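Participant: dropping the sequence and predicted coords here.
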Amino acid sequence: MAALALLLAMPSFAGAQTDPFAKERIAWNKPQKPFRVIDNIYYVGTAGVSAWLIFTLQGFILIDGGLPESAPLIEANIKTLGFDIKDVRLILNSHAHFDHAGGLARLKKNSGARLIASAADKPILERGRVTFGPSAAVPFPRVSVDRAIQDGDTAMLGGVVLTAVVTPGHTPGCTNWTMPAVEGTADHSVVFYCSMTVAGNPLVNNKAYPGIAEDYRKSFARLKKIDADVLLAAHGEQMGLARKAATMAANEKNKVLGAPNPFVVKGEFQRLVAAQEKAFEAELKKQQAEAAAAAKK
């Protein structure tokens, strides 16, 4: 019955039967043991797709919902940590793609939490699919947004404040959430990174998103101004999740006191942004050349 309900919640459209991410989503959805990352932040996502749980004095904040099939794993990870999904008060979304928004409907229903997302991604979340790029072929359960935010807005609960940095491109309302954290006596700056990969998006003649290339460039300029030494990315491979989690587990098992937190890496965030900008410029140049060649035919 649960599977039937999920199917009924999915929007129907031509091409929905073909999933270009069929292989990737199997790897993305492999289980990952939950763990405390830094301060009051926990990892509760899967091996390939991130979800973050933030403790506050008034309940929890959950960032992202993974794939539709990730929601039960996220709930199980929260329980493994000794917490209850019903204590999640706010759910934030990084961006409206099926692999980060797919589980939101179930997680929102089971927690009773309010969902906060960018105004630009709100229509996508409530429609249940993006309208351009490869992800357009993969619908996800529709979910209603309780509060639509703009760049610079904050989400607050129990003394914890997260600030939205909206960087359009990957999706129209791609949102990075930033917050401070403390490790021992040291202060750190955390960024929950939305991602700026092209991900197959059409950058030229994109009728659904005409200004996409310009938005990417403006967003890269904006991201270069963020000074964060804790990168918490939307996909595990973008931040070396497996390696860092293994290091933390080994340190805990061996009772290594005072070991540096592997998630605190100065410059890592900006190196990732620079790499994604370089890849974007190369892909834009390629698509522009292809469009020019096609116009000559």
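Facilitator: Happy to help now that I have it.
Participant: can you give me the strands for the protein?
Facilitator: Counting by DSSP state E, the chain has strands at residues 35-38, 41-43, 52-56, 59-63, 88-92, 114-118, 147-149, 154-157, 160-166, 175-183, 186-193, 230-233.
Participant: what's next to the longest one, contact-wise?
Facilitator: Judged by CB atoms under 8 Å, 6 or more residues apart in numbering, the contacts made with strand 175-183 from elsewhere in the structure are 38-41, 54, 63, 92-95, 117-118, 121, 149, 155, 160-167, 187-194, 223, 226, 228, 230, 261, 264. C-beta: built from backbone N, CA, C; applies to glycine.
Participant: buried ones from these, can you make that a PyMOL selection?
Facilitator: Per 16 or more other CB atoms under 10 Å, the buried members of the contacts of strand 175-183 correspond to this PyMOL selection:
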select buried, resi 38+39+40+41+54+63+92+93+94+95+117+118+121+149+155+160+162+163+164+165+166+167+188+190+191+192+193+194+223+226+228+230+261+264
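Participant: low-confidence regions, the protein specifically.
Facilitator: Scanning the chain for pLDDT under 70 picks out 1-17.
Participant: which strands or helices does the longest helix belonging to it pack on?
Facilitator: For the chain, the longest helix by residue count, based on DSSP state H, is helix 268-296. Packing partners of helix 268-296 (3 or more CB pairs under 8 Å, 6 or more residues apart in numbering; DSSP states H and E): strand 186-193, helix 212-223, strand 230-233.
Participant: possible to save the ones you listed as a markdown table with distance to residue 282?
Facilitator: Output for the helices and strands packed on helix 268-296, formatted as a markdown table (distance: least, CB to CB, whole Å):
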| stretch | distance to residue 282 |
| --- | --- |
| strand 186-193 | 20 |
| helix 212-223 | 12 |
| strand 230-233 | 21 |
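Participant: residue 134 is nearest to which of these?
Facilitator: With CB to CB as the measure, helix 212-223 is the member of the helices and strands packed on helix 268-296 nearest residue 134 (14.2 Å).
Participant: hmm, back to that, out of the strands of the chain, nearest to residue 204?
Facilitator: Per CB to CB, nearest to residue 204 of the strands of the chain: strand 160-166, 23.3 Å.
Participant: neighbouring strands of the closest one in the sheet, and parallel or not?
Facilitator: strand 154-157 (antiparallel), strand 175-183 (antiparallel) (DSSP bridges).
Participant: deepest of these, which one?
Facilitator: Most buried of these, by mean neighbour count (mean count of other CB atoms under 10 Å): strand 175-183, with a mean of 20.
Participant: show me how far it is from its chain's centre.
Facilitator: Distance of strand 175-183 from its chain centroid, counting by CA atoms, centre = their mean, to the nearest Å, is 14 Å.
Participant: then stretch 226-246?
Facilitator: On CA atoms, centre = their mean, the centre of stretch 226-246 falls 12 Å from the chain's centre.
Participant: measure that stretch end to end?
Facilitator: 28 Å (CA to CA, to the nearest Å).
Participant: mind listing what's buried along it?
Facilitator: 226, 228-236, 238-241, 244-245.
Participant: ok, now stretch 32-50?
Facilitator: 32, 34-35, 37-50.
Participant: swap in stretch 66-77?
Facilitator: Using 16+ other CB under 10 Å as the test for burial, stretch 66-77 gives 66, 67, 68, 69, 70, 71, 73, 74, 75, 77.
Participant: now those as TSV including distance to residue 106?
Facilitator: As requested, those are exported to TSV (distance: CB to CB, whole Å):
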residue	distance to residue 106
66	10
67	11
68	8
69	10
70	9
71	4
73	11
74	9
75	8
77	14
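Participant: pick the one among those closest to residue 291.
Facilitator: Nearest to residue 291 among the buried residues of stretch 66-77, with distances taken as CB to CB, is residue 67, at 32.6 Å.
Participant: how many neighbours does the nearest residue to that closest one once chain neighbours are set aside have?
Facilitator: Nearest non-adjacent residue to residue 67, counting by CB to CB, 6 or more residues apart in numbering: residue 102, 4.4 Å away. Residues lying near residue 102 (other CB atoms under 10 Å) number 28.
Participant: ok, residue 165 touching residue 153?
Facilitator: No: counting by CB atoms under 8 Å, residue 165 does not reach residue 153; the two are 10.0 Å apart.
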